[in-house]
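A.B. asks: how does the following fold in three dimensions:
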Amino acid sequence: MSLQTCPQYHPHDVIVRSEASHANPFLVDLRARITGPHGWSTTVPGFYDGDGTWVVRFCPSAFGAWRYETESTDPALAGHDGEVQCIANANPRVHGALLVDPAHPHHFLYEDGTWPFVLGYEANWLWALGFLEDGEAQLRRFCERIASYGYNHIFVNTYAHDTRWAPGKSHAEDYGPPPMYAWGGTNEAPDHLRLNVAYWRNFDVMMRALIDHGLTAHLYLKVYNKEVNWPRARSLADDLFFRYVVARYQGYSNVVWDFSKESYNETDKAYCENRLSFIKAHDGYRRLVTAHDDWALHFDQRFGGALDFVTDQKHDHFAERVIQLRRQLRPCPVINEEFAYECGPGGVEDLSYHPRVRHTPEEHVLRSWEVVFGGGYPGYYYLYTAWDVVRPDDLPPGYALHKRLAGFMKATAWWELEPHPEVVERSTARCLAKVGREYLIFNRAEHGPQRHFDERTQAMITLPGLPPGAVLAADWLQPLTGRRAQTQVQVRPRFSLVPPFEGPYVVRLR
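C.D. replies: This next block holds a predicted model:
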């Protein structure tokens, strides 16, 4: 028996080898029984990593001794046992698995008990940077930068081939089609019963960078509109792909699983549920599962328990859409992951990459605020790091605008606040509140970022739970300029809320 150490919440690899001749080593059954402190136990699958080597990757989540023992149809891979001592995690950015908070089920909780204000970032082809000569350095530099601006939830495809609007090499930083294929063969003539180990080793480089920087890896196992020649549904090759990805990455505590980007493209909802159940059956840690932008799956009662949280894509009525989901579904977190696309340095008139979708940084962040005030979490798109173009050293203005949003919300107990649209009487205003204690009001200008609020657009508010005459501390933020002000507000039965500056505002009343 070997004795090793592993930091809490980090992956640990058990490596075993066999010289036996296998017709297809990817189909060799390998698993390990894992036993941790306090009687905790699970079984995790292993995966083939090339050159006669298999790996079982697991994640010690509590201090103490973790024992493993391998089982396999290949005698050379079976019977390997050992003990791993889980030691303190020295990385303050790593908090363990993302969970649903049982006390506040519309919000998330990390395994170590801290609440994350989830701020998403779309980087579909991020793994492609790893193929560059200095790829790992570029990945880590990019992760460090976006983490410093408050982003903590990265949406990324396990594989995507190309975009239809910019096929081939449209830019120097265009990685569609990628330099390497995820399976054997090619996308035109794939061997779906064999994975390309070199591709997945490169994917590991990205995964290590994400966990080291405290970034959740929101993995889209499939994507239907990026020209991928996928294995036939429910086939042996389909099972192999899902099992391989789950086996290789469940040992990362920062993983959540998403059946597919734009899952609505899959019309067979029973197949969607089948794949989600397949993931759960093979994930010994039961990481959270979701499906992106699939209202049919969200609301179909036959599959009501398939998803742990909602990942949505709605481009209008941002707060109302989240509120609708919160009211109609069982309580769970809602992320509106795709609703705006920040333009590149050429501005909204730059058609060089995407001919249709471009927004100003200001419009993007105002939409993000609306999502938050519906009780959800926002995602962020920058045109030149989403999809197949990755320019990691760009510094779009939206970074600072979204950092301001996250910073303001983190100063509140946001996980205790609920949407209260009845508090405000103007359509442009939104309210989150813990009635009687804390009220957040957001109001965006109707006709541009610098419009002054007149009588018609001022928020008329009624604050339930507070007696008339009560004096509240008001902490104001202009979300586009960053201007702050502190005033006092006296509660009246119904009164207008007048900001101390022009343009949109957020105010916290306590």
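A.B. asks: okay, now the unreliable bits of the chain?
C.D. replies: Applying pLDDT under 70 to the chain picks out residues 1-2, 301, 303-304, 426-427, 446-457.
A.B. asks: which residues of it fall in helices?
C.D. replies: Here the chain has its helices, by DSSP state H, at 135-148, 197-212, 236-249, 269-282, 295-299, 318-328, 361-373, 398-410.
A.B. asks: now those in CSV, with mean neighbour count?
C.D. replies: The C-beta positions use only the backbone N, C-alpha and C, and glycine is treated the same way. Shown next, in CSV, are the helices of the chain (neighbours: other CB atoms under 10 Å):
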stretch, mean neighbour count
helix 135-148, 18
helix 197-212, 20
helix 236-249, 20
helix 269-282, 18
helix 295-299, 18
helix 318-328, 19
helix 361-373, 24
helix 398-410, 20
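A.B. asks: nearest to Asp81, out of these?
C.D. replies: helix 236-249 (19.1 Å; CB to CB).
A.B. asks: out of the helices of the chain, flag the one nearest Ala429.
C.D. replies: Nearest to Ala429, of all the helices of the chain, is helix 361-373, at 8.9 Å by CB to CB.
A.B. asks: quick one: contacts of the closest one?
C.D. replies: With contacts defined as CB atoms under 8 Å, 6 or more residues apart in numbering, helix 361-373 is touched by 318-319, 322, 336, 339-343, 359, 377-378, 380-381, 396-398, 401-402, 404-405, 409, 414, 419, 430-432, 440, 442, 444, 449, 479-480, 504, 506.
A.B. asks: to Pro493, which of the helices of the chain lies closest?
C.D. replies: Nearest to Pro493, of these and by CB to CB, is helix 361-373 at 23.4 Å.
A.B. asks: distance from the chain centre to the closest one, please.
C.D. replies: Chain-centre distance of helix 361-373: 17 Å, with CA atoms, centre = their mean, to the nearest Å.
A.B. asks: ok so, going back, looking at the helices of the chain, which is closest to Leu77?
C.D. replies: Closest among the helices of the chain, once you apply CB to CB, is helix 236-249, at 13.5 Å.
A.B. asks: go ahead and name everything in contact with the closest one.
C.D. replies: 26-27, 44-47, 55, 57, 158, 183, 192-193, 195, 200, 203-204, 207, 217, 219, 221, 230-232, 255, 257, 275, 278-279, 282-283.
A.B. asks: are any of the residues you listed buried, and which?
C.D. replies: 26, 44-47, 55, 57, 158, 183, 192-193, 195, 200, 203-204, 207, 217, 219, 221, 230-231, 255, 257, 275, 278-279, 282-283 (16 or more other CB atoms under 10 Å).
A.B. asks: residues in contact with Tyr151?
C.D. replies: Counted by CB under 8 Å, 6+ apart, Tyr151 has contacts 119-121, 215, 380, 402.
A.B. asks: cutoff 6 Å now
C.D. replies: The contact partners of Tyr151, by CB atoms under 6 Å, 6 or more residues apart in numbering, come to 119, 121.
A.B. asks: Leu210 versus that one, what's the distance?
C.D. replies: Per CB to CB, to the nearest Å, Tyr151 is found 11 Å from Leu210.
A.B. asks: likewise for Gln328?
C.D. replies: Distance from Gln328 to Leu210, by CB to CB: 33 Å.
A.B. asks: what do you get for Phe142?
C.D. replies: 10 Å.
A.B. asks: need the overlap of contacts for the two.
C.D. replies: Common contact partners of Phe142 and Leu210 (CB under 6 Å, 6+ apart): none.
A.B. asks: roughly how far is stretch 490-506 from the heart of the chain?
C.D. replies: Its chain's C-alpha centre and that of stretch 490-506 lie 34 Å apart, by CA atoms, centre = their mean.
A.B. asks: use 47 as the first number for this chain going forward.
C.D. replies: Sure thing, new numbering starts at 47, so read that last one as stretch 536-552.
A.B. asks: which parts of that stretch are buried?
C.D. replies: 537, 541, 543, 545, 549-552.
A.B. asks: got the contact list for that stretch?
C.D. replies: By CB under 6 Å, 6+ apart, stretch 536-552 touches 488-491, 495-496, 498, 504-509, 512, 514, 516-517, 522-525, 529, 531.
A.B. asks: export that stretch to CSV, keeping only CA atoms.
C.D. replies: Written as CSV, here are the backbone C-alpha positions of stretch 536-552 (Å, rounded to 0.1, in the frame of the first residue of the first chain):
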residue,chain,number,x,y,z
GLN,A,536,-37.3,58.9,5.0
VAL,A,537,-40.0,56.2,4.5
ARG,A,538,-43.4,57.4,3.5
PRO,A,539,-46.5,55.4,2.5
ARG,A,540,-45.6,56.0,-1.2
PHE,A,541,-42.8,58.2,-2.4
SER,A,542,-40.5,58.8,-5.3
LEU,A,543,-36.8,57.8,-5.2
VAL,A,544,-34.7,60.6,-6.7
PRO,A,545,-31.0,59.7,-7.5
PRO,A,546,-28.3,62.2,-6.6
PHE,A,547,-26.8,62.0,-10.2
GLU,A,548,-27.9,61.5,-13.8
GLY,A,549,-28.2,58.2,-15.5
PRO,A,550,-29.1,54.7,-14.2
TYR,A,551,-28.6,53.9,-10.6
VAL,A,552,-28.5,51.2,-8.0
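A.B. asks: so what's the residue count around Phe305?
C.D. replies: 27 (other CB atoms under 10 Å).
A.B. asks: how close does the closest residue to it other than its chain neighbours get to Lys268?
C.D. replies: Nearest non-adjacent residue to Phe305, counting by CB to CB, 6 or more residues apart in numbering: Ala337, 4.3 Å away. Distance of Ala337 to Lys268, computed by CB to CB: 10 Å.
A.B. asks: nearest to His126, of the helices of the chain?
C.D. replies: Per CB to CB, nearest to His126 of the helices of the chain: helix 282-295, 16.2 Å.
A.B. asks: angle of the closest one against helix 243-258?
C.D. replies: 40 degrees (axes from the mean of the first three to the mean of the last three CA atoms, to 10 degrees).
A.B. asks: ok so, going back, include distance to Asn233 when you put the helices of the chain into a markdown table, please.
C.D. replies: Supplementary listing: the helices of the chain in a markdown table, determined by distance: least, CB to CB, whole Å:
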| stretch | distance to Asn233 |
| --- | --- |
| helix 181-194 | 21 |
| helix 243-258 | 12 |
| helix 282-295 | 14 |
| helix 315-328 | 21 |
| helix 341-345 | 27 |
| helix 364-374 | 35 |
| helix 407-419 | 33 |
| helix 444-456 | 33 |
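A.B. asks: closest one to Gln131 among these?
C.D. replies: helix 243-258 (19.9 Å).
A.B. asks: just the CA trace of stretch 132-140, in PDB.
C.D. replies: The C-alpha coordinates for stretch 132-140 follow below in PDB (Å, rounded to 0.1, in the frame of the first residue of the first chain):
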ATOM      1  CA  CYS A 132      -6.100  14.800   2.600                       C
ATOM      2  CA  ILE A 133      -4.200  17.900   3.800                       C
ATOM      3  CA  ALA A 134      -5.100  21.600   4.000                       C
ATOM      4  CA  ASN A 135      -5.900  23.400   0.800                       C
ATOM      5  CA  ALA A 136      -3.300  26.300   0.500                       C
ATOM      6  CA  ASN A 137      -5.100  28.000  -2.400                       C
ATOM      7  CA  PRO A 138      -7.700  30.500  -1.000                       C
ATOM      8  CA  ARG A 139      -9.500  30.600  -4.400                       C
ATOM      9  CA  VAL A 140     -10.400  26.900  -4.200                       C
END
